[in-house]
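>>> Everything below, folded, please.
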Amino acid sequence: MSSPVAFDIQPQLATPIYRQVVEQVQRLVAGGQLSAGDELPSVRAVAERHAINPMTVSKAYSLLEAEGLLERRRGVGMVVAAQAQPAAAGTDRLALLQPALQALAQQAGQLGIPPEQVLQALARALQPDSKDRP
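Below you'll find the predicted structure:
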């Protein structure tokens, strides 16, 4: 079992909160950080921690269940489904980054930042000791 999931929910983003939860779980499964049988925090725990409506979290979990990534276990809550192995997640890991990369490219263009500077900043952010990493 992996360590408890801590979602990075950012209400100021244009992406709806339920979508943020869905995409984070998809990435964690595709990246192998969540594997079959790993428990997700309860709807109530996520809602309280992030001061959001429990129905938002419930919607995200239901969508993930419909996708086959999560399953409900009586008395336990939501867990990563057995068939949701990284290789069977059905999604290319880089494809999961595409929306964020497109947004980054658009924002850099709007700010007039040259691609080389963006790539350097991204390389720094990817360093293990970077303070910019989540």
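
>>> what about the strands in the chain?
70-73, 77-80 (DSSP state E).

>>> Run the chain-centre distance for the last one.
Taking Cα atoms, centre = their mean, to the nearest Å, the mean C-alpha location of strand 77-80 is offset from the chain mean by 15 Å.

>>> pLDDT averaged over that strand - what is it?
Regarding strand 77-80, the rounded mean pLDDT is 92.

>>> so what secondary structure elements neighbour that strand?
Under the contact criterion of 3 or more Cβ pairs under 8 Å, 6 or more residues apart in numbering; DSSP states H and E, strand 77-80 touches helix 54-67, strand 70-73. Any C-beta I mention is one placed from the backbone N, CA and C, and that applies to glycine too.

>>> ok, back up a step: identify, out of the strands of the chain, the most deeply packed stretch.
Per residue and on average, the most neighbours among those fall to strand 77-80, with a mean of 20 (mean count of other Cβ atoms under 10 Å).

>>> Need the contact partners of that strand.
29, 34-40, 42, 61, 64-65, 69-73 (Cβ atoms under 8 Å, 6 or more residues apart in numbering).

>>> Could you pick out the buried ones from these?
Val29, Leu34, Asp38, Glu39, Leu40, Tyr61, Leu64, Leu69, Leu70, Glu71 (16 or more other Cβ atoms under 10 Å).

>>> Now do the buried residues in stretch 9-28.
Across stretch 9-28, burial judged by 16+ other Cβ under 10 Å covers Ile9, Ile17, Tyr18, Arg19, Gln20, Val21, Val22, Gln24, Val25, Gln26, Arg27, Leu28.

>>> okay, how far is it across it, tip to tip?
14 Å (Cα to Cα, to the nearest Å).

>>> How far away from the center of its chain is that stretch?
On Cα atoms, centre = their mean, the centre of stretch 9-28 falls 6 Å from that of its chain.

>>> before we move on, what about stretch 41-50?
Once both centres are worked out by Cα atoms, centre = their mean, stretch 41-50 turns out to sit 15 Å from its chain's centre.
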